[in-house]
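>>> Give the three-dimensional model of this entry:
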Amino acid sequence: MEYLGKRYLFTPGPVSVSPKVLLTQAQPMTHHRLPEFSEILKEIRENLKYLFQTRKEVYFFASSGTGAMEAAIVNLFSPGDKVIVVEGGKFGERWRELAETYGLTPVVIKVEWGKAVKTEEVERTLKAHPDAKAILIQACETSTGVKHPVHEIASLTRERETLLVVDAITALGVYPLPMDELGLDVVITGSQKALSLPPGLSFIAFSDKALNMSKNSRLPKYYFNLQKEKNAYEKDTTAFTPAVSLLLGLREMLRRIRELGLERIFKHCEALSLACREAVKALGLEIFPEVPAESLTVVKSPEGLNTGEFLKFLRDNWGIVFAGGQGELKGKIFRITHMGDQSPFDLMVALSALEMGLKKFGIRVLLGEGLKAAEEVLEKYL
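All right, here's what the predicted structure looks like:
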C-alpha cells in the first residue's frame, strides 16, 4: 500500500533540498552564453571561494563528485606516477580504481572499515615512497562515516612536493576544512551533499603547487580538462554547456551560506550529529566509526535485525528513508545524514521512526529514550 504522508530523506546524498531552491531551479531557461549568465557565473565563482575558504579559483563540472575525482587524476598525473591511496571504505576504493584505470602506480594504505587512518602510518609510507606524487584521501569516508585526520596529514605535505588531494564530498560545508589555511592542494565536493542541491554538479580547487604539477600531466583529458575551463573562466563563461538550472540553485544556496556564515552552519551540523549519536547510544545501539564525522551517523545494526527489511519497512510504510551499508558493510549498518535541508526537529522525526521501527522488529528499546537524549543535546544549541 502506498504511503500517504510526508516523506523524509535522511540518506547521505542525495539529500533533502529546500522548496525555495527547487523553485529557483524551475525558472525559465536562459542561455549559458548570454551576458546575464556571465554575471551569474561571476557571483557563483566568488561565493565558491568563500565555501572552500580559498583565494584560488573553484572549477565545476556537470557530473557527480566522481567526475571531479577523475578530473584531479587526469589533470595532475602522468602514466606510471606513484600515488599513495588511503583505502578505508567504498570511496577510498574509488581513488584506487581511478588511479589504476589511468595507469598510475597506487601505494595503498589499507585501513579497516570504520577506522581512521593514523597520521604516523601516512608519514611512514611517505618516507618509504618519497617519489610519491600525491596522497589521495577522503576527509569523510561516506560509506563508513569515518573522519580522517586531514588537518594533521596536511602538515606532512606542506613542505614536500607531494600533493594532498582531498575528496571532501561529504565534508566541505559540514565542518571546518579551510583549504588555504591548512595547505590542502586539491579539494573536491559535489552538489548533493552539504550544498543541499540535487546531484549533478562537482567542484574542484587546485593550490599553486597542484597547478604547477598539472603543467606536466600527460594523461588524456577532454571534458575534464582544467586548462580549457581556466581559459573559459577568464572570459566569464564555461568550456562546455553547464547545468544551467542547477547553477541557478547553486547561486541561491551560496547566497544562503554567505548569509548564515560558515561558523553557524558548522555549529548546526555539530548539533545534529551529536544529538543523533547520543540518541543512538541511549537506545543501546553502537556507533560504527571510530572517529565519527559530523556529516552522518553510522549505526551498527543490532543483533537479530534484518537491516534490509527494516530499512524497506521504514521507507515504504512510514516514508522515512535511511541508507544501508555498501560493499562489505551491506546489511551490517545503516546511515542517517545530517546534511541537506534538515532542522533539529526533522532529526527528531528520524529518531522517533528509528525507535518505533526497532521495537516493531523485535529489538528491545525503550520508546522515548533516544528522543530524550537528543533533546538534552539540542536544547544547548537552540
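>>> Which residue, other than its chain neighbours, is closest to P14?
Q192 (4.4 Å; Cβ to Cβ, 6 or more residues apart in numbering). The C-beta positions use only the backbone N, C-alpha and C, and glycine is treated the same way.
>>> I misspoke; the intended subject was M29.
Per Cβ to Cβ, 6+ apart, closest to M29 is V244, 6.5 Å.
>>> The one you found: what's it in contact with?
Taking Cβ atoms under 8 Å, 6 or more residues apart in numbering as the contact definition, V244 lies against 29-30, 32, 37.
>>> Among the residues you listed, which one lies nearest to S16?
S16 has its nearest neighbour among those in M29, at 24.8 Å by Cβ to Cβ.
>>> burial measure for the closest one, as a count.
M29 is flanked by 8 other residues according to other Cβ atoms under 10 Å.
>>> Likewise for T142?
Quick note: T142 (other Cβ under 10 Å) scores 26 neighbours.
>>> from what I can see it touches F91, true?
Yes: using Cβ atoms under 8 Å, T142 is in contact with F91, at 5.9 Å.
>>> For stretch 77-85, give the mean pLDDT please.
Over the span of stretch 77-85, the pLDDT mean works out to 98.
>>> ok so, going back, what sits in contact with each of T142 and F91?
Common neighbours of T142 and F91 (Cβ under 8 Å, 6+ apart) are I169.
>>> P302 sits in which helix or strand?
Assigned by DSSP states H and E, P302 belongs to neither a helix nor a strand.
>>> i'd like the first residue to be 439 from this point on
Shifting the count to begin at 439 puts that one at P740.
>>> For L749, see how far away it is.
Distance, P740 to L749, using Cβ to Cβ, to the nearest Å: 13 Å.
>>> Neighbour count: these two, which is higher?
Set side by side, P740 and L749 show unequal neighbour counts under other Cβ under 10 Å, the larger going to L749 at 22 against 18.
>>> Any idea how many residues pack against the closest residue to E747 other than its chain neighbours?
The shortest distance from E747 to any residue that is not its chain neighbour, by Cβ to Cβ, 6+ apart, is 7.6 Å, and that residue is F799. A count of nearby residues for F799, using other Cβ under 10 Å, gives 17.
>>> if I pick F799, what's in contact with it?
Listed by Cβ under 8 Å, 6+ apart, the contact partners of F799 are 743-744, 747-748, 751.
>>> Just the buried ones from those?
With neighbours counted by 16 or more other Cβ atoms under 10 Å, these contain buried members at 743, 748, 751.
>>> And the strands in the chain?
Listed in chain order, the strands of the chain (DSSP state E) span 446-447, 496-499, 520-525, 543-548, 572-576, 578-579, 584-585, 601-605, 624-628, 640-644, 734-738, 758-759, 761-762, 771-775.
>>> Packing partners of the last one?
What it means is strand 771-775. Taking 3 or more Cβ pairs under 8 Å, 6 or more residues apart in numbering; DSSP states H and E as contact, the helices and strands that strand 771-775 lies on are strand 734-738, helix 745-756, strand 761-762.
>>> now do 10 Å
Based on contacts counted as 3 or more Cβ pairs under 10 Å, 6 or more residues apart in numbering; DSSP states H and E, the elements that strand 771-775 packs against are helix 700-720, strand 734-738, helix 745-756, strand 758-759, strand 761-762, helix 782-798.
>>> ok, the fifth one: who's next to it in the sheet?
Just to be clear, that refers to strand 761-762. strand 771-775 (antiparallel) (DSSP bridges).
>>> neighbours of P517, just the number please.
By the measure other Cβ under 10 Å, the count of residues near P517 is 11.
>>> dump the residue contacts of it.
540-543, 656-658 (Cβ atoms under 10 Å, 6 or more residues apart in numbering).
>>> ditto for G638
Going by Cβ under 10 Å, 6+ apart, the list of residues near G638 reads 452, 499-502, 505, 628-630, 681, 683-685, 687.
>>> In helices only, show me those.
Among the contacts of G638, the residues falling in helices (DSSP state H) are 505, 683-685, 687.
>>> wait, which of these is closest to T462?
For the ones in helices among the contacts of G638, the minimum distance to T462 (Cβ to Cβ) is 5.3 Å, reached by G687.
>>> so what's the closest residue to the closest one other than its chain neighbours up against?
Distances taken as Cβ to Cβ, 6+ apart place Q463 nearest to G687, at 4.3 Å, with adjacent residues excluded. With contact taken as Cβ under 10 Å, 6+ apart, Q463 is in contact with 455, 635-636, 681-688, 690.
>>> what's the farthest-apart pair in those?
Taking Cβ to Cβ, the two most distant members of those are V455 and V682; they sit 16.8 Å apart.
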